[in-house]
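*Asks:* Sequence plus the predicted model coming up.
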Amino acid sequence: MNILENDNIVYSKKEGIEFIQFKRLLEYGIKHAYTLKGENINFRSGSEEAVECYKKLFKAVGLDVNTLMKPEQKHTANIKCLDRIVEKDKLLVTDGLITDKKGITLTTTNADCILILFYDPVKKVIANVHSGWRGTFQKIAEKTVNKMIINYKCDPKDIIVCITPSIRKCHFEVDEDVKDLCEDIFSFTGRTKEFIEKGEIKEEKQKYLIDTVLINRILLEEVGIQSKNIIDSGICSVCNSDKISSFRAEGKGFKLATAIISL
């Protein structure tokens with residue numbers, strides 16, 4: 001698909017950075033973005049480009065780069081609630097952030113993994129979550145909603161959820177051990193045949209394709225998110241690796257994209 005032709009997103013290029021935004025979040029004036037590939041664009045922590053890239057992106061979106069808060073991202077289901085800017089060592093072994101405070105920009109990075117942006121327009125709460133297949137299997141998206149309910153009194157029917165470009169079923173190929181684990185964890189849904197498909201045989205091994213986006217959608221609906229409030233970019237990072245950062249497509253030299261959101 002042409003990623004610039006999508007009813008759910010809009011494309012922008014400012015300050016030398018290309019990015020997409022979700023129309024639904026823009027309707028509420030929520031400042032956010034998901035970055036596309038470009039020359040010298042890399043949001044990997046510690047990289048030479050990252051500091052300058054964040055400065056450009058935050059300026060493009062109208063945010064102060066000093067409000068940036070990013071979890072370490074270790075493929076966990078650990079989510080932290082922030083009421084102020086904290087030191088980096090407070091965000092170790094963490095893959096999701098939630099806040100109801102202005103002046104904090106929740107930030108995650110990916111190169112195939114799913115990044116999920118949450119917004120409750122009633123309670124004025126946002127979240128930003130990194131959900132690779134391990135995080136998905138640990139139900140990090142569901143746990144984020146539960147934290148929003150418990151800590152901020154959110155009603156799940158009010159929460160808007162936006163799913164960034166990520167690897168899709170067409171390219172998320174796994175071996176039998178991961179397939180079996182997926183079946184075991186999500187058998188309760190009764191829908192495993194919808195998100196697990198038998199793939200090709202490679203090197204005498206049966207491969208399987210898993211739809212982690214659909215799994216997250218099911219988990220979100222199970223916890224009370226309305227289907228109409230789950231907005232998916234619909235973009236596969238591997239199919240569109242000319243525009244989207246992808247570990248599977250690029251291999252060792254892959255770079256990271258970022259998703260940011262702020263009240």
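*Replies:* Okay, I see it.
*Asks:* So which bits of the host helix or strand of Phe186 are buried?
*Replies:* Element membership of Phe186, judged by DSSP states H and E, is helix 176-186. By neighbour count on 16 or more other Cβ atoms under 10 Å, the buried set for helix 176-186 is 178-179, 182, 186. Every C-beta, even on glycine, is put in place using the N, C-alpha and C of the backbone.
*Asks:* Output the contacting helices and strands for it.
*Replies:* helix 133-137, helix 192-195, strand 196-202, strand 205-210, helix 212-222 (3 or more Cβ pairs under 8 Å, 6 or more residues apart in numbering; DSSP states H and E).
*Asks:* Identify each buried residue in stretch 41-50, please.
*Replies:* Counting neighbours by 16+ other Cβ under 10 Å, stretch 41-50 gives 41-44, 49-50 as buried.
*Asks:* now stretch 55-64
*Replies:* Neighbour counts using 16+ other Cβ under 10 Å place 56-58, 60-61, 63 of stretch 55-64 among the buried residues.
*Asks:* And for stretch 197-208?
*Replies:* Judged by neighbour count using 16+ other Cβ under 10 Å, the buried positions of stretch 197-208 are 199, 207-208.
*Asks:* try stretch 67-86
*Replies:* 67-73, 75-82.
*Asks:* From the opening residue of it to its closing one, how far?
*Replies:* Chord length of stretch 67-86, first to last residue, is 10 Å (Cα to Cα, to the nearest Å).
*Asks:* pLDDT averaged over that stretch - what is it?
*Replies:* Here stretch 67-86 scores 98 as its mean pLDDT.
*Asks:* How about stretch 206-215?
*Replies:* 98.
*Asks:* what's that stretch in contact with?
*Replies:* For stretch 206-215, the surrounding residues in contact (Cβ atoms under 8 Å, 6 or more residues apart in numbering) are 114, 131, 133, 136, 163, 166-176, 178-179, 182, 186, 194-201, 232.
*Asks:* just stretch 192-202 next, same as before
*Replies:* Residues outside stretch 192-202 that contact it (Cβ under 8 Å, 6+ apart) are 169, 173, 179, 182-183, 186, 206-212, 214-215, 218.
*Asks:* hmm, which two among those are most spread apart?
*Replies:* Farthest pair in those (Cβ to Cβ) is Gln206 and Ile218. Separation: 24.3 Å.
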